[in-house]
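S.K.: Sequence and predicted structure below; questions after.
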Amino acid sequence: MTADSGDAPTVLSELREKAGTRLDPVHRDFFEGGADAEIALAENERAFRRLALLPRILRGSGPADTAVTLLGDRAALPVFVSPTAFQRLAHPDGELATARATAAAGTVLITSMASTTAVAEVTAAARAVRADAAVWFQLYLQPSPEVTDALVRRAERAGCGALVVTADSPVFGHRARDDRNGFHDLPAGFAAENMRDLPGAPQGGTLDIAMSPGLSWDDLRRLRAATRLPIVLKGVLHPDDARRAADEGVAALLVSNHGGRQLDAAPATVEALPAVVAAVGDRLPVLLDGGVRSGSDVVIALALGATAVGVGRPVLWGLAAEGEAGVARVLEQLRAEVAHVLTLCGARDSGDLTRDQVVVRGLGVAEC
Ligand SMILES: Cc1cc2nc3c(=O)[nH]c(=O)nc-3n(C[C@H](O)[C@H](O)[C@H](O)COP(=O)(O)O)c2cc1C
Ligand SMILES: CC(C)CC(=O)C(=O)O
């Protein structure tokens, strides 16, 4: 490693390394891996490194304020926790540890439909820490409307504040590492708890999560009619889909390529973001996840028009390395870095950032 390689150890990279030593190698591959040749996975991170921030000076901006509002919920930092499956494989406390740490940090938790803890327990753990903790439920629309409805009722009863519909998974991505390791089922003693006792499930058992290429905007419209919860659409990359989603009454968009785990030829999310913001940024909040590893990455995405960004793997690294305390460290580190970078950019808050402050490295700076 050379001094100018940009690979100096950080809190997050150290947690990642520690997680790597603690995890069963098969589970580490499941958490770390991406689809096919893992190009989208690598590019999510690399694309941030191809971008630079042009700071503004002498603006008297004072101390930075990192808080943002997300669908009416106040978040103390512009970073939320993206949904990741099977967290009890990372740490025995699993989703409960993530829920507590996220609530304590004062930001939004998106809990996965594929969690190894039932959603009602996740929201209860978050609310025990902070009465108004925001927990949103990630949903894969199921081919059976009865099953989808039962999941929605479960999320509503648990007090979730939004449904995050993942739309980038008409089929399951091809994960070479999992194939090599033969990892296709949860080990004994673990289950996708939200899938228990659903219509069609075996008595006391769980239903498999189905991915369906037959899903369409009609299914999203049906969901909207069946719930009063706001809907966040996850996995938007094409600006025309962003426009369609806004027309359909979706409350927010999440620009995501599923952390490089679905379409390997998908662009890095930060490269897809500007066109989506240009299409609908004046109509609804645009969120992003994929490859966010530092406060600079967060601020770059905010300057490009994102309202907030999500982290998936960094939370899993913290969880696997140190449980609840590790997740807390990840979120606090990102909060502190965002505050620092905002101040260095002459911005009091994300509203002070402008699109022209993001430039592509190696191309020089265009006249504004
Ligand atoms: C191990 C793992 C499990 C995931 N499980 C889900 C899931 O259940 N539902 C979902 O919508 N996205 C899931 N994702 C995608 C994340 O929500 C998110 O889009 C992605 O992790 C963001 O990229 P990052 O890991 O680089 O931060 C998963 C990602 C990982 C790494
Ligand atoms: C087990 C899957 C349903 C979770 C997922 O979305 C993923 O692994 O990327």
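M.R.: Cool, got the structure. All of these numbers come straight from a predicted model, not from anything done at the bench. Ligands and ions are numbered 1, 2, ... in the order given.

S.K.: Report how many residues lie close to Pro63.
M.R.: Pro63: 8 surrounding residues under other Cβ atoms under 10 Å. All C-beta atoms are positioned from the backbone trio N, CA, C, and that covers glycine.

S.K.: Specify the local secondary structure of it.
M.R.: Following DSSP: H, G, I helix; E, B strand; the rest coil, the label given to Pro63 is coil.

S.K.: Which helix or strand contains the closest residue in space to it that isn't next to it in sequence?
M.R.: Nearest residue to Pro63 in three dimensions, chain neighbours excluded: Thr343, at 7.1 Å (Cβ to Cβ, 6 or more residues apart in numbering). Assigned by DSSP states H and E, Thr343 belongs to helix 313-344.

S.K.: Going by neighbour count, which residues of that helix are buried?
M.R.: For helix 313-344, a neighbour-count test (16 or more other Cβ atoms under 10 Å) marks 313-324, 326-331, 333-335, 337-339, 341-342, 344 as buried.

S.K.: from these, which are also near ligand 1?
M.R.: Residues shared between the buried residues of helix 313-344 and the neighbourhood of ligand 1 are Arg313 [Cβ under 6 Å from any ligand atom].

S.K.: helix, strand or coil for Ile57?
M.R.: Secondary structure of Ile57, reduced to three states by three-state DSSP: coil.

S.K.: Quick check: phi and psi on it?
M.R.: Phi and psi for Ile57, reported as degrees, to the nearest 10, are phi -120, psi 160.

S.K.: Helices along the stretch 151-300 of the chain, start to end?
M.R.: Under the criterion DSSP state H, counting those that start in this stretch, helices of the stretch 151-300 of the chain are mapped to 176-181, 217-226, 239-247, 269-280, 295-303.

S.K.: Thr102: which of those helices is closest?
M.R.: With distances scored as Cβ to Cβ, the stretch of the helices of the stretch 151-300 of the chain nearest to Thr102 is helix 295-303 (15.9 Å).

S.K.: do the very next helix or strand once past that closest one and ligand 1 meet at all?
M.R.: Moving toward the C-terminus from helix 295-303, the first helix or strand encountered (DSSP H and E) is strand 308-311. Yes - Strand 308-311 is in contact with ligand 1 by Cβ under 6 Å from any ligand atom, via Val311.

S.K.: What average pLDDT does strand 308-311 get?
M.R.: Averaged across strand 308-311, the pLDDT comes to 99.

S.K.: CA-only coordinates of that strand in PDB, if you can.
M.R.: Taking only C-alpha atoms (Å, rounded to 0.1, in the frame of the first residue of the first chain), the coordinates of strand 308-311 have been written out as PDB:
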ATOM      1  CA  ALA A 308     -30.100  10.900   2.800                       C
ATOM      2  CA  VAL A 309     -28.100   7.800   2.100                       C
ATOM      3  CA  GLY A 310     -28.200   4.200   3.400                       C
ATOM      4  CA  VAL A 311     -25.500   1.900   4.500                       C
END
